[in-house]
Every structure is written in C-alpha cells, then in structure tokens.
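Undergrad: What follows is a predicted structure for the sequence shown.
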Amino acid sequence: MKVVYHPAVQKDVNGILRHYDEISPSLGDEFWSELALMNSQAKEQVVKRGTFLYGGTWRCAVEIVQTDFRAGTGDYEDPEEIREDARGVFYDIRYASAGPRPFSSGVIGLESLEAAVAHVESLMADVQWD
C-alpha cells in the first residue's frame, strides 16, 4: 500500500513535535518513533501465505510480511542490536487466531524469507503454503 500525505501534513507534524518537545524532550522523540512505525507498516508486503491446523480442528491463517523496520525492545539491559530500532529488510510472521478473527500473534524481525518459512515449519508441521 502506498501512503500519500497532503502537503500540509509536514507543517502539522512539525507543530505537534514542537508542542510535545515543550512538554518533555523525550515525548517528541516517542511521537516521531510511533509515526515512523506507522509509516513503515504501510510499506509492508505479504510475501507468503498459508494455513495450519490448530488443535487438529481449526484451519488458521499464517502470513509472512516483508517490512523495512524492526522495532527494538528499548530495554537498556538488552544488547544494542536487540534494544535499538533497525532499518533494513526484515520478515514478520503473523498467525491468525482460531475462528474468524484477525491476525493476533507473531514473530518479528527475521532477517530472511527462508528463516521465516523455517520458523513456521518448525512449529506447524502441517502448514500448507498457497
């Protein structure tokens, strides 16, 4: 999906950032990070879809999504490569819940499509890829 912004959006965002920075310097940074995350999610592309049996009864969906952003944990005790946000090519796995619900759980930030497929297949022996 391509996101196109109205030209006035940048002026509005700059005003919001100034306002948040007046409240707290970190608040503006947090807002900018969330905005970047939303923008990167708009650039996601589903690269592989499949289904698996949950509990031997429910056929559930799984999809692998290519994205250009991996969120860090933000935990100061984690190594930098896990703690900090990263830009690049990453693959997220999304598992659907049993029943007619949207995707509700997953794994983020795998570094190749092959690694993502292997991860799914290691957990769901009966996965059927489209």
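TA: Structure's in. What do you need?
Undergrad: Averaged pLDDT, stretch 55-67. What do you get?
TA: Across stretch 55-67, the average pLDDT comes to 87.
Undergrad: got it, and stretch 29-43?
TA: 69.
Undergrad: pLDDT score for the closest residue to R70 other than its chain neighbours?
TA: Nearest residue to R70, sequence neighbours excluded (Cβ to Cβ, 6 or more residues apart in numbering): G109, at 3.8 Å. Any C-beta I mention is one placed from the backbone N, CA and C, and that applies to glycine too. Note on G109: pLDDT of 87.
Undergrad: Each with direction, which strands does the helix or strand containing G109 pair with?
TA: Under the criterion of DSSP states H and E, G109 resides in strand 103-110. Counting by DSSP bridges, the strands paired with strand 103-110 are strand 86-96 (antiparallel).
Undergrad: Okay, buried residues for the partner strand please.
TA: Neighbour-count burial for strand 86-96 flags F90, Y91, D92, I93, R94, Y95, A96 (criterion: 16 or more other Cβ atoms under 10 Å).
Undergrad: Could you dump those into TSV and include pLDDT?
TA: Listed next are the buried residues of strand 86-96 as TSV, based on pLDDT from 0 to 100:
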residue	pLDDT
F90	92
Y91	93
D92	91
I93	91
R94	90
Y95	87
A96	84
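Undergrad: Can I get those in a markdown table including distance to F52?
TA: Shown next, in a markdown table, are the buried residues of strand 86-96 (distance: Cβ to Cβ, whole Å):
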| residue | distance to F52 |
| --- | --- |
| F90 | 22 |
| Y91 | 17 |
| D92 | 17 |
| I93 | 11 |
| R94 | 12 |
| Y95 | 8 |
| A96 | 9 |
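Undergrad: Closest one of the residues you listed to A61?
TA: A96 (4.0 Å; Cβ to Cβ).
Undergrad: how much space between the closest one and D68?
TA: 23 Å (Cβ to Cβ, to the nearest Å).
Undergrad: And for G106?
TA: 17 Å.
Undergrad: One more: E34?
TA: Taken as Cβ to Cβ, the span from E34 to D68 is 16 Å.
Undergrad: Figure out how far the top strand by length along the chain is from the centre of its chain.
TA: Longest strand in the chain, counting residues (DSSP state E): strand 58-70. Taking Cα atoms, centre = their mean, to the nearest Å, one finds the center of strand 58-70 at 9 Å from the center of the full chain.
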